[in-house]
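**Q** Below: sequence and its predicted model.
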Amino acid sequence: MKMANLKKNCAHKIKNYIMKNLLLLFIVFVSCSYPKAQEQIIPLETKGGRTAGAYYKDLDNELSPFVGTWKGTFQDKTFIITFYKIKYYNSLSDYFQDSIIGKYKLLDSNGSELYSTYNLADNKAKILSIGFKNYKTKLWFSFTDKCIEGDILIHFTNVEKNQIYWKYITDQTIVTNTANCAPFNEMPRDEFILNKQ
């Protein structure tokens, strides 16, 4: 009789154990099957104010042709810039946006490096795309450094999209306190052509 009760008690405990685990498994399965909140995806070129929590995505891959390394010469110096497409977070307005950042270096006429930003983290890049201008024919960037800032406009000069026209615009002409600056104005102020490498 004791053996029968022991078997019955053991069977009851096993049944309870299985039921509890099945219930737990069911709860996990149901909670995983419900979709989590998704960010709202909006086309990058959408005009107007930005929606908090949204992702302004380059759905038509209009930024992609700019991605890569470009090289040009001005004033006996070589300017090399690499554009990267990133998902940029605007913390002030709380939204994400596909953007292009630029990391660059400047070489003297002998090929010696004068300045480079390739070691900067993406969120510290000095060149960040703002958007397109003139019916998407020009890509507009902001440039910010400790001592100087301005705007950069680029556009393709050929249908192959392997050559861009570069124009840097700034109202600053003189930097009075150069203590934290690059040893020279490292951003080319000229207009010149860059070739895709």
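**A** Yep, it's here.
**Q** Tell me how far the residue at minimal distance from the centre of the chain lies from I100.
**A** Central residue of the chain (C-alpha atoms, centre = their mean): I86, 2.2 Å from the mean position. Separation of I86 from I100 (C-beta to C-beta, to the nearest Å): 8 Å. For glycine as for every other residue, the C-beta is placed from the backbone atoms N, C-alpha and C.
**Q** now swap in Y115 and tell me
**A** On the measure of C-beta to C-beta, Y115 and I100 end up 20 Å apart.
**Q** So which of these two has more stuff around it?
**A** I100 (22 against 16; other C-beta atoms under 10 Å).
**Q** Nearest spatial neighbour of that one, chain-adjacent residues omitted?
**A** S129 (4.0 Å; C-beta to C-beta, 6 or more residues apart in numbering).
**Q** doesn't Q97 make contact with the one you found?
**A** No - if you go by C-beta atoms under 8 Å, S129 and Q97 don't touch, sitting 9.0 Å apart.
**Q** before we move on, the earlier item: what strands line up against the host helix or strand of the residue nearest to the centre of the chain, and which way round?
**A** Using DSSP states H and E, I86 maps to strand 77-90. As defined by DSSP bridges, the strand partners of strand 77-90 come to strand 68-74 (antiparallel), strand 95-107 (antiparallel).
**Q** Of those strands, which stretch is the most buried?
**A** strand 95-107 (a mean of 20; mean count of other C-beta atoms under 10 Å).
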